[in-house]
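>>> Mind looking at a prediction? Sequence and model below.
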Amino acid sequence: MGNLHGSPSLNTGLLAAGTVLASWKRTTGAAMLLIRPLIRANDNRKHNVHVVVFFIFLVANVGGALTPLGDPPLFLGFLNGVRFFWTMEALFAPTLLLGMILLALFYVIDRHYYIKEGITRDPTPDTAIGIEGGVNIFLLAGVIGAVLLSGTWTPDWSLSVGGVEVKPQNLTRDLILLGLAGVSLLITSRATRDGNGFNWEPILEVAKLFAGIFLTIVPVIAILRAGTDGQLRDLIALATGPDGAPRDEMYFWLTGLLSAFLDNAPTYLVFFHMAGGDAAALMGPLATTLLAISMGAVYMGALTYIGNAPNFMVKAIAEQSGVRMPSFFGYMLWSFPLLLVPFALITWLWFL
């Protein structure tokens, strides 16, 4: 809690911190922790849309690339046998490069607007910076433990609920997470949540949006997995070279572009299985293919509001706070010019 005064150096520092934090607190957690303080720090700025846009790029997407805790696609890979630290080993260099490019670009843009606007009075009263509800840090450790448990504990039995198989490790994880959420609500004072501007509306908006996405995505994913449609067979053929070897650059772009419009978690899973679905092989001789799939799913989730759940949540919080966020297509006028060139550079450096 508290109030900061937005400046190019402070904003860049907050974005960098959030980017690092996202891989361990998940993109959603890091975004929810930092977006309100960042907005309050810049509530005296006439031009502040770009601050939120870059926050979505870095904290809600790119920053989640280093561990399975960071972003849902990588967690699905972990559940399918990808080693926990493989993502950090493989994605550290491209994530560092992309993060540095975007942070440098943000600093230049933010400094331009900061100088153009001149010094204005911050309408938010000055308050001391501090942390309340620190006991939740221990609950966060429990969240990390529950997630790791679901990927490492593999009992040889399962439950059947209404004819649907329910794996005990997943059920246990979800019950632990719900329990920890309930404990957090009980032990964190309402004044602390109110002081940070917390409310349920952004979460409810995202829940409605992604419920609709997941309902409509089912036939799309089924078609992709079947691969029986002629046009889809042609699409899959694009990712395969004349010798039958995968074309990693195409895996990167196909996974990424579909992630941007179909949600990145199921898209990752489709291309993971399209590449063979054998985690050992994908971490071995096909490591660059798994790298391409992972990078595409995580990085290109930033291209649209629906590429990753935190994107739309951040948009909703910003709009509640008075920031005039761009429309769905207006956001793409920011994301495509700013992100496609760095993505092309990554393609050239890692896959060509």
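Noted; the coordinates are in hand. What you see is a predicted model; the values in this text were computed from it and never measured.
>>> what sits against the residue nearest to residue 83 when sequence neighbours are not counted?
Excluding its sequence neighbours, the residue lying closest to residue 83 (CB to CB, 6 or more residues apart in numbering) is residue 283, at 6.6 Å. Just so you know, the C-beta spots here come from the backbone N, C-alpha and C atoms, and that holds for glycine as well. Residue 283 makes contact with 82, 83, 86, 290, according to CB atoms under 8 Å, 6 or more residues apart in numbering.
>>> need the helices for the stretch 51-200 of the chain, in chain order.
Per DSSP state H, counting those that start in this stretch, the stretch 51-200 of the chain carries helices over the ranges 72-79, 86-117, 136-152, 168-187, 190-195.
>>> residues near residue 160, how many?
Using other CB atoms under 10 Å, residue 160 has 8 neighbouring residues.
>>> now it, nearest residue through space, not along the chain?
Ranked by CB to CB, 6+ apart and with sequence neighbours excluded, the top spatial neighbour of residue 160 is residue 166, at 7.1 Å.
>>> do the same with residue 48
Ranked by CB to CB, 6+ apart and with sequence neighbours excluded, the top spatial neighbour of residue 48 is residue 42, at 4.5 Å.
>>> Give me the local confidence score for the residue nearest in space to the middle of the chain.
Taking CA atoms, centre = their mean as the criterion, residue 61 is the residue nearest the geometric centre of the chain, at 3.4 Å. Model confidence at residue 61, given as pLDDT, is 95.
>>> where does the residue lying closest to it once chain neighbours are set aside land in three-state SS?
Nearest residue to residue 61, sequence neighbours excluded (CB to CB, 6+ apart): residue 302, at 3.9 Å. Residue 302 carries the three-state label helix when classified by DSSP: H, G, I helix; E, B strand; the rest coil.
>>> Can you name the residues that contact residue 302?
56, 57, 60, 61, 62, 260, 308, 311, 335, 339.
>>> again, only this time at 7 Å
Contacts for residue 302 (CB atoms under 7 Å, 6 or more residues apart in numbering) come out as 56, 57, 61, 62, 335, 339.
>>> thinking again about what came up before, out of the contacts of residue 283, which comes closest to residue 157?
Using CB to CB, residue 82 comes nearest to residue 157 of the contacts of residue 283, at 23.9 Å.
>>> could you pull out the strands for the stretch 151-300 of the chain?
Counting by DSSP state E, counting those that start in this stretch, the stretch 151-300 of the chain has strands at residues 159-161, 164-166.
>>> which residues of the stretch 101-250 of the chain score low on pLDDT?
Applying pLDDT under 70 to the stretch 101-250 of the chain flags the ranges 119-134, 161-165, 192-236.
>>> give me that answer again for 80
118-141, 143-144, 146-167, 169-170, 185, 187-244 (pLDDT under 80).
>>> What's the local residue count around residue 284?
10.
>>> An error on my part: the question was meant for residue 319.
Residue 319 is flanked by 14 other residues according to other CB under 10 Å.
>>> Make residue 1 into 519 and carry on from there
Right, with 519 as the first residue, what we last looked at is residue 837.
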